[in-house]
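Colleague: How does the following fold in three dimensions:
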Amino acid sequence: MNLDSYTTLDVAIDAGVARITLDNPPVNVLSGTLIRELHDVLGKLRDDRSVRVIVFRSADPEFFVAHVDIHILDELAGLQEIADRNPDANLFQGVGELLRHQPQVTIVELAGKARAGGAELVAAADMAFAARETAGIGQSEVLMGIVPGGGGTQYLRERVGRNRALELLLTGDLVDANTAAAYGWINRAVPASELDAFVDEVAGKIAALSPELIAAAKRLVPPSDLADGLRAENDAWAELVSGDLPARLMAGALEHGAQTPEGERDLESLMRGVASGL
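Modeller: Residues are numbered from 1 along each chain as shown. This next block holds a predicted model:
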């Protein structure tokens with residue numbers, strides 16, 4: 001199995017744990033290439049019984065996945081083949097659904113920020129642990145004039161409940177690790193200096209179990225069937241994203257520094273500034 005040919009991922013397997021490091025500078029946007037490579041690596045690992053846990057980390061300590069690449073709407077035709085693999089989900093939902101249904105236990109180690117599509121990946125994984133002092137997570141799509149289109153509405157409702165999901169969806173705010181843990185968006189907040197070791201310990205304990213035991217646990221605690229909600233989410237996203245306002249907001253965001261480290265550090269203020277100027 002060739003896992004050395006990726007341009008946005010680094011994959012290392014040891015003692016039953018596959019560690020996938022996301023590396024798509026400057027801010028790890030969820031680009032077409034990253035989507036393709038995530039589909040490919042998860043597909044290759046799916047039937048590998050020697051791998052029992054998959055841990056996702058970022059090469060950039062500031063950003064796990066900033067959000068979906070703002071330019072990706074120009075790439076959709078070239079990504080159709082991937083989208084067609086899952087007729088019950090759109091292209092962006094497909095990544096999350098792969099994670100939710102992966103036979104291995106999937107764990108996100110969140111040291112930096114994850115917004116929008118990045119936040120959806122965090123919520124789609126079986127477990128997520130975040131650095132107390134440095135992590136941030138936000139479902140920020142409303143600031144772009146749209147709703148989540150990668151499963152965020154459904155994953156959030158499952159994780160945090162309807163009232164908190166509406167708060168997070170409609171404010172677009174970035175929340176810290178302690179808040180995310182209190183809400184149930186992640187498993188727990190861990191001191192930043194201890195995060196690597198903590199996640200390695202959790203992964204190691206699980207990887208020491210037999211594949212049959214892990215499969216039984218995942219079968220007995222299955223992911224919910226979200227097909228109807230995902231279809232409704234896609235319809236709402238598609239209607240909104242085709243309008244004039246999102247295009248103007250996205251263009252303004254790029255002009256003011258979105259998808260650069262400086263702009264992404266406080267994307268919420270940047271986007272509210274763009275919106276106030278329209």
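
Colleague: can you tell me the distance between the two ends of stretch 168-188?
Modeller: Length of stretch 168-188, first residue to last, Cα to Cα, to the nearest Å: 18 Å.

Colleague: Go through that stretch and flag the buried ones.
Modeller: Residues of stretch 168-188 classed as buried: 168-169, 172-177, 179-181, 183, 185-187 (neighbour count, 16 or more other Cβ atoms under 10 Å). The C-beta positions use only the backbone N, C-alpha and C, and glycine is treated the same way.

Colleague: Over to stretch 266-278?
Modeller: Buried, per 16+ other Cβ under 10 Å, within stretch 266-278: 267, 268, 270, 271, 274, 275.

Colleague: again with stretch 79-89
Modeller: For stretch 79-89, burial by neighbour count (16+ other Cβ under 10 Å) applies to 79, 82, 83, 86, 89.

Colleague: Now intersect those with the strands, please.
Modeller: Judged by DSSP state E, these include no members of strands.

Colleague: Out of the residues you listed, which sit inside helices?
Modeller: Using DSSP state H, 82, 83 are the members of those that sit in helices.

Colleague: Check the buried residues of stretch 79-89 and tell me the two furthest apart.
Modeller: The largest separation in these, counting by Cβ to Cβ, is between 79 and 89 at 13.2 Å.

Colleague: would you list every one of the helices in the stretch 1-150 of the chain?
Modeller: All helices of the stretch 1-150 of the chain, identified by DSSP state H, counting those that start in this stretch, fall at 32-46, 80-83, 91-100, 117-124.

Colleague: need the strands for this structure, in chain order.
Modeller: 9-14, 17-22, 53-58, 63-65, 105-110, 113-115, 127-131, 136-138, 175-176, 188-190.

Colleague: quick one: contacts of the shortest one?
Modeller: The list of residues contacting strand 175-176 from outside it, by Cβ atoms under 8 Å, 6 or more residues apart in numbering, reads 132, 135, 136, 137, 138, 168, 183, 185, 189.

Colleague: now the fourth one: how far from residue 190?
Modeller: To tie it back to what came earlier, the one meant is residue 137. According to Cβ to Cβ, to the nearest Å, residue 137 stands 14 Å off from residue 190.

Colleague: same thing with the third one?
Modeller: Distance, residue 136 to residue 190, using Cβ to Cβ: 15 Å.

Colleague: And for the fifth one?
Modeller: With distances defined as Cβ to Cβ, the gap from residue 138 to residue 190 amounts to 19 Å.

Colleague: more neighbours, residue 137 and residue 190?
Modeller: residue 137 (29 against 24; other Cβ atoms under 10 Å).

Colleague: who's in contact with the more buried one?
Modeller: The neighbourhood of residue 137, defined by Cβ under 8 Å, 6+ apart, consists of 110, 113-115, 118-119, 122, 130, 174-175, 177, 180, 185-186.
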